[in-house]
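Peer 1: okay, structure incoming, though there's no sequence with it:
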């Protein structure tokens, strides 16, 4: 976990916050919106929303037909700027390749952002080129192995704060959508040093993850693999992938 220093009132730029909130208002359920709809989602007036949208259109981040607005590919620069400038994906990528070579499964690097686990890097064998998550994909943290591995590594106080008042939607009948059940699972994952997620987001899929802990004992993310469940039993899958993942996480620790 990492925390930012408190922001002083004179350092706050409200316009920047609102402009970013307009970009974040667009998602899979809201790919195209009017200024009124954007304003409603961002808690601002239609006039204010239109000003931000018009500015973002001028800068190339948004386009419009005069009524509806939508994001343009330029917004990808924001995400790629992080991936290109941060050290962790570059450091972990060769190790993901080794996991794939040792297990023939897709391997990922995931970090936590609010409700979600975000995948920053991946590797894969030729038979996996069309499947799995791609860098930038967001998945609810409590239903993916990477998110569970990271949460299980947090101190109790931080975990309780994350869970406090948080909705835990159920995606399948196997989803840990109850706070006490999730806490019990995270306690087990913390004790064993790795996390397992089976059919919590998609039926017939399994994820296994190991936290990446640095020299200061702070979790920086997690490495994970995903696989169909119907190919093998859980015990066999764990015997096949866990030794490789645990060894690489151990080797990465002094480098983080």
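Peer 2: Received the coordinates, thanks. Keep in mind the model is a prediction, meaning the values are calculated, not measured.
Peer 1: the strand or helix carrying residue 107: how far from the chain's middle?
Peer 2: Assigned by DSSP states H and E, residue 107 falls within strand 106-113. Relative to its chain's centre, strand 106-113 lies at 7 Å (CA atoms, centre = their mean, to the nearest Å).
Peer 1: check which element follows that strand along the chain.
Peer 2: strand 116-123.
Peer 1: circling back: can you give the contact residues for the strand holding residue 107?
Peer 2: Here strand 106-113 makes contact (CB atoms under 8 Å, 6 or more residues apart in numbering) with 88-89, 92-93, 96-97, 99-100, 117-125, 128, 131-133, 138, 141, 144, 146-147, 150-151, 209, 212, 220-227. Placement of C-beta: from N, CA and C, glycine included.
Peer 1: now it against strand 116-123, angle please.
Peer 2: 150 degrees (axes from the mean of the first three to the mean of the last three CA atoms, to 10 degrees).
Peer 1: tell me the strands beside strand 106-113, with direction?
Peer 2: When pairing is defined by DSSP bridges, strand 106-113 lines up against strand 116-123 (antiparallel), strand 219-228 (antiparallel).
Peer 1: buried ones among the contacts of strand 106-113?
Peer 2: Among those, those scoring as buried are 88-89, 92, 96, 99-100, 117-124, 128, 132-133, 138, 141, 144, 146-147, 150-151, 209, 212, 220-227 (criterion: 16 or more other CB atoms under 10 Å).
Peer 1: which stretches of the stretch 1-150 of the chain form strands?
Peer 2: 62-64, 69-71, 106-113, 116-123, 138-140 (DSSP state E, counting those that start in this stretch).
Peer 1: nearest to residue 7, of those strands?
Peer 2: Evaluated over the strands of the stretch 1-150 of the chain, closeness to residue 7 peaks at strand 106-113, with 18.6 Å, by CB to CB.
Peer 1: show me which positions of the closest one end up buried.
Peer 2: 106, 107, 108, 109, 110, 111, 112.
Peer 1: for residue 195, give me the backbone phi and psi.
Peer 2: Phi and psi for residue 195, reported as degrees, to the nearest 10, are phi -130, psi 150.
Peer 1: what is the neighbour count of it?
Peer 2: By the criterion of other CB atoms under 10 Å, residue 195 has 27 neighbours.
Peer 1: could I get the buried residues of strand 106-113 in TSV, plus columns for pLDDT?
Peer 2: Formatted as TSV, the buried residues of strand 106-113 follow (pLDDT from 0 to 100):
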residue	pLDDT
106	91
107	95
108	96
109	97
110	96
111	96
112	95
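Peer 1: about what we covered before: between the strands of the stretch 1-150 of the chain, which gets nearest to residue 254?
Peer 2: Proximity to residue 254, assessed across the strands of the stretch 1-150 of the chain by CB to CB, is greatest for strand 106-113 (17.5 Å).
Peer 1: which residues touch the nearest residue to residue 55 once chain neighbours are set aside?
Peer 2: Spatial nearest neighbour of residue 55, excluding adjacent residues (CB to CB, 6 or more residues apart in numbering): residue 19 at 7.2 Å. By CB under 8 Å, 6+ apart, residue 19 lies in contact with 52, 55, 56.
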